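Visitor: Fold the following for me, if possible:
(chains A and B)
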Amino acid sequence: MTALPPQTPTMSNPPRSDTDHASRDDHRDGESAGAAATATRPVEGSGRSGPDGSIDNPCIRIADFNAWYGSFQALHALNLDIPRNQVTAFIGPSGCGKSTLLRWLNRMNDIVPSAHSRGTLTLDGIDVLSPSTDVVNLRRRVGMVFQKPNPFPKTIFENVAFGPRLHLRLRRGELEELVEWSLRKAAVWEEVKDRLHSPALGLSGGQQQRLCIARAIAVGPDVLLMDEPCSALDPASTLAIEDLIYELRRQYTIVMVTHNMQQASRCSDRTAFFYEGKLIESGATQELFTKPQQKRTDDYVRGRFG
Amino acid sequence: MSSLPSAAGDLNLEPAPGSLGGDAAPPPISVQGASDNSRRRKLYSRLFYLLCVFISLLSVVVLVVLLASITIQGQGMLSWQLLTGAHSELHPESAGMWPSIVGSIAICGICALSALPLGIGTAIFLEEFKPTSKPLRLLHGFIQLNIANLAGVPSIVYGLLGLSLFVFMFNVFGQIQVNESAGIELMGVDRYYQVLTLAGGGHTVLIPQEDDAQATIQIDQPVMAVDSQGNEFELSVWELGTPRPTDPAEQQRTVRKGAVGGSYAQTGWNYFRLPFGRSFLAAGLTLSLVILPIVIIASQEALRSVPPSLREASFGLGATVWQTVRNVSLPAALPGILTGSILAMGRAIGEAAPVLVVLGATVAKNSGPQNMMDNVVTMPVLIFNWAGRQQATYQELAAAAIIVLLVVLLIMNSAAIYLRQKMRVDV
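Guide: Purely as a prediction, here's the structure:
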């Protein structure tokens, strides 16, 4: 516990000092002070929290949440608050339930016939799990980005316009404006503006993933769920997505699952560590990575297992 | 083969005494034996390869022989006359198959219109609406099992089903009997009595029929009638012993007192009655039962091959199941569904047994269907009829008709391949 691994200081500081990404750091340096401030604010308010950490005015409140696939219990009595307009990272070894929890947040598990759950899961006061909750509206408020870029086999424009067309009746001009706004927001506009009507599958993996983010934000969500958004991408695209996530958290509450601890430390404000379906520890990212309270968290963030 | 166990015995030498764990020393392998074995394995592989080539060539050879014999037999009869003419009992050399081509296409059209929506709809239900509760799961399993079973039912059984379901409709609407009852007629038919006039030469006028049950009418006093142009006029009656009208126009509007008129039906293209009778509508619906399982299974396969990630993306954006099916799953699965459907239509156009059961073996028809309740000839039935006759000319006609049928099938299959390629590119 006392001897920190040598890479930890670089890991835990969002504004990295990597020399080969100087330009990127330049662009981020201006915000880094503000980012660090936002990251520490909730921590000061409520102090370090164990598995049942609570924060003021959370966006998503998870209380005593259990989930099953058939008879297999994937999540055990979770208590976790997810703060507004911050990036919360779920880390943990494979099969620890972090993706399961993510998929319950917008009821994507409704598609899985054997999935069921018990407990409380509220989003801005809305009971997410209640059968009377309108799943369509819930998913409109809680957008999702998947592990593998999954653009529809349509044009770039049609991909982004897909969501708005589901929910709204827009005139062509309004739709074009919305598509451009979304693509700009997802930092992919400059690359695709000349070929909006060419197939989305012709884009590179990183561009496709940013397109998927644009598609998700085009319907105007409050929360973005990202299920290992960079795991299928090369390092350069990963950097672009991480920058984007960092940028987007000013407007959206972001929950991301990641296998990559460096990524969690680089772009999240808070981190929750899961192990075998239980929430072991959660708190401000910097503290969780540098001064974990649980032995298993310590082992995991140092790469001793998982 | 008999030498194989001994070769294996060479390899499975017992471990040397003392090395209980087996990892102390590698088992001694005779180098000579190993190389023998490798040569034998390569030989077997080579033999297996040749066997596979032989077997695949065998089926191609059978096909080539079939095509060659049919071409040799039928080429003399391949002519424009074959495509445009109709069946002839007296002059087989001038017989043709135009009515049967039209009939096959008409039946295929009915078949497509009924089987494709039903089949694709069932596939969507089974693939896109996954069961969420135990009763629903049982329902899905039950439907799935039945479809798999139906795919294996012989087509003649479907023919018998179609006979009682579509042709007779279990006699719920009464039996169809010529000049007595035509079941329940819903539209497209005008019933008249046909009466001979004094003009002679078979000239007749029509008198509208009021009571369906009354098959004939006896005319004793003037009534309203219709001429062949559809104009209404009052029909006058001439009594024996009175002066007979001499003006031909007058004669055409007069009948002898006591003349008897028989029932006559004038049908439009939209003639529709409730037991379908031996009509192409009944035949098309029967064929749709035959191909329904094929369409369902092909569509299911196509929908199953749509990546689940696309559906997740759509649901994740807040799409309903219908929006997802309409905008994501169906467009992505359409090439596969179309290919499967066209192949199923190929099966339908080639079926003879159910059509024979439903329509009977009539081939003497010189046009395509005139209305929805009309009987038709189809290509397989015509071929069946021609091939069973003794005259050599009919044998040759049958071979030529088979060539035409194969060409039609070839065109359909090419269309399937073309559509699949085109849709892939459009993505």
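Visitor: which parts of the stretch 101-250 of chain B sit against chain A?
Guide: B:130-132, B:137 (Cβ under 8 Å from any Cβ of the partner chain). All C-beta spots, glycine's among them, are computed from the backbone N, C-alpha and C.
Visitor: Residue B:375 in helix, strand or coil?
Guide: Using DSSP: H, G, I helix; E, B strand; the rest coil, the structure places residue B:375 in coil.
Visitor: residue contacts, the residue nearest to it when sequence neighbours are not counted?
Guide: Distance criterion Cβ to Cβ, 6 or more residues apart in numbering or on different chains; nearest residue to residue B:375, sequence neighbours excluded, is residue B:278 at 5.3 Å. By Cβ atoms under 8 Å, 6 or more residues apart in numbering or on different chains, the contact set of residue B:278 is B:167, B:358-360, B:375.
Visitor: May I ask which of these has the most neighbours?
Guide: With neighbours taken as other Cβ atoms under 10 Å in any protein chain shown, the top of the contacts of residue B:278 is residue B:358, carrying 29 neighbours.
Visitor: Stretch A:154-163: how far from the chain's middle?
Guide: Centroid displacement of stretch A:154-163 relative to its chain, using Cα atoms, centre = their mean, to the nearest Å, is 22 Å.
Visitor: just the CA coordinates of it, formatted as CSV?
Guide: Once non-C-alpha atoms are left out, stretch A:154-163 reads as follows in CSV (Å, rounded to 0.1, in the frame of the first residue of the first chain):
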residue,chain,number,x,y,z
LYS,A,154,-27.0,3.2,-44.1
THR,A,155,-25.4,6.5,-44.9
ILE,A,156,-23.7,8.7,-42.3
PHE,A,157,-26.5,11.1,-42.4
GLU,A,158,-29.2,8.4,-42.0
ASN,A,159,-27.3,7.0,-39.0
VAL,A,160,-27.5,10.2,-37.1
ALA,A,161,-31.0,11.0,-38.3
PHE,A,162,-32.2,7.6,-37.2
GLY,A,163,-32.9,8.5,-33.6
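Visitor: hmm, it in reach of chain B?
Guide: Yes. Counting by Cβ under 8 Å from any Cβ, chain B has neighbours in stretch A:154-163: A:162-163.
Visitor: Residue A:241 is in contact with residue A:208, isn't it?
Guide: No. At 10.8 Å, residue A:241 does not count as touching residue A:208 under the criterion of Cβ atoms under 8 Å.
Visitor: Buried residues, stretch A:237-252. List them.
Guide: Neighbour-count burial for stretch A:237-252 flags A:237-249, A:252 (criterion: 16 or more other Cβ atoms under 10 Å in any protein chain shown).
Visitor: try stretch A:206-226
Guide: A:206-219, A:221-226.
Visitor: can you list the domain ranges for chain B.
Guide: With automatic domain parsing as the criterion, the domains of chain B are listed as B:80-169+B:277-426, B:177-273.
Visitor: got these as JSON lines, with mean pLDDT and distance to residue B:47 columns?
Guide: As requested, these are arranged in JSON lines below (pLDDT from 0 to 100; distance: least, Cβ to Cβ, whole Å):
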{"stretch": "domain B:80-169+B:277-426", "mean pLDDT": "90", "distance to residue B:47": "35"}
{"stretch": "domain B:177-273", "mean pLDDT": "79", "distance to residue B:47": "64"}
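Visitor: Nearest to residue A:292, out of those?
Guide: Set against residue A:292 and scored by Cβ to Cβ, the domains of chain B come closest in domain B:80-169+B:277-426, at 32.5 Å.
Visitor: just how off-centre is stretch A:135-151 within its chain?
Guide: Here stretch A:135-151 is found 11 Å from its chain centre; the criterion is Cα atoms, centre = their mean.
Visitor: Show me what the mean pLDDT comes to for that stretch.
Guide: Averaging pLDDT along stretch A:135-151 gives 92.
Visitor: Check whether it comes into contact with chain B.
Guide: Yes. Shown here: stretch A:135-151 in contact with chain B (Cβ under 8 Å from any Cβ) through A:135-140, A:143-144, A:146, A:148, A:150-151.
Visitor: so what's the nearest residue to residue B:248 once chain neighbours are set aside up against?
Guide: Among residues not flanking residue B:248 along the chain, residue B:199 sits closest, at 6.2 Å (Cβ to Cβ, 6+ apart). Contacts for residue B:199 (Cβ under 8 Å, 6+ apart) come out as B:248, B:251-252.
Visitor: Residue B:218 now?
Guide: B:258-261.
Visitor: Tabulate those residues in CSV, adding columns for neighbour count.
Guide: Shown next, in CSV, are these (neighbours: other Cβ atoms under 10 Å in any protein chain shown):
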residue, neighbour count
B:258, 11
B:259, 19
B:260, 13
B:261, 23
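Visitor: now for these, which pair is the farthest apart?
Guide: Across these (Cβ to Cβ), the longest gap, 11.1 Å, separates B:258 and B:261.
Visitor: Please identify every residue contacting each of those two.
Guide: Counting by Cβ under 8 Å, 6+ apart, the residues touching both residue B:258 and residue B:261 are B:218-219.
Visitor: Residues of the stretch 201-306 of chain A that sit close to chain B?
Guide: Checking the stretch 201-306 of chain A against chain B by Cβ under 8 Å from any Cβ, the hits are A:201, A:212, A:215-216, A:219.
Visitor: Just want the most central residue of chain B.
Guide: Using Cα atoms, centre = their mean, the residue of chain B that lies closest to the mean C-alpha position is residue B:348, 3.0 Å off.
Visitor: Show me what the helix or strand encompassing that one packs onto, helices and strands only.
Guide: Here residue B:348, judged by DSSP states H and E, is contained in helix B:330-350. Judged by 3 or more Cβ pairs under 8 Å, 6 or more residues apart in numbering or on different chains; DSSP states H and E, helix B:330-350 is in contact with helix B:98-128, helix B:280-304, helix B:379-387, helix B:392-426.
Visitor: How about the contacts made by residue 240?
Guide: You didn't say which chain, so I picked chain A. By Cβ under 8 Å, 6+ apart, the contact set of residue A:240 is A:187, A:206, A:210.
Visitor: try again with chain B
Guide: So residue B:240 contacts B:256-257 (Cβ under 8 Å, 6+ apart).
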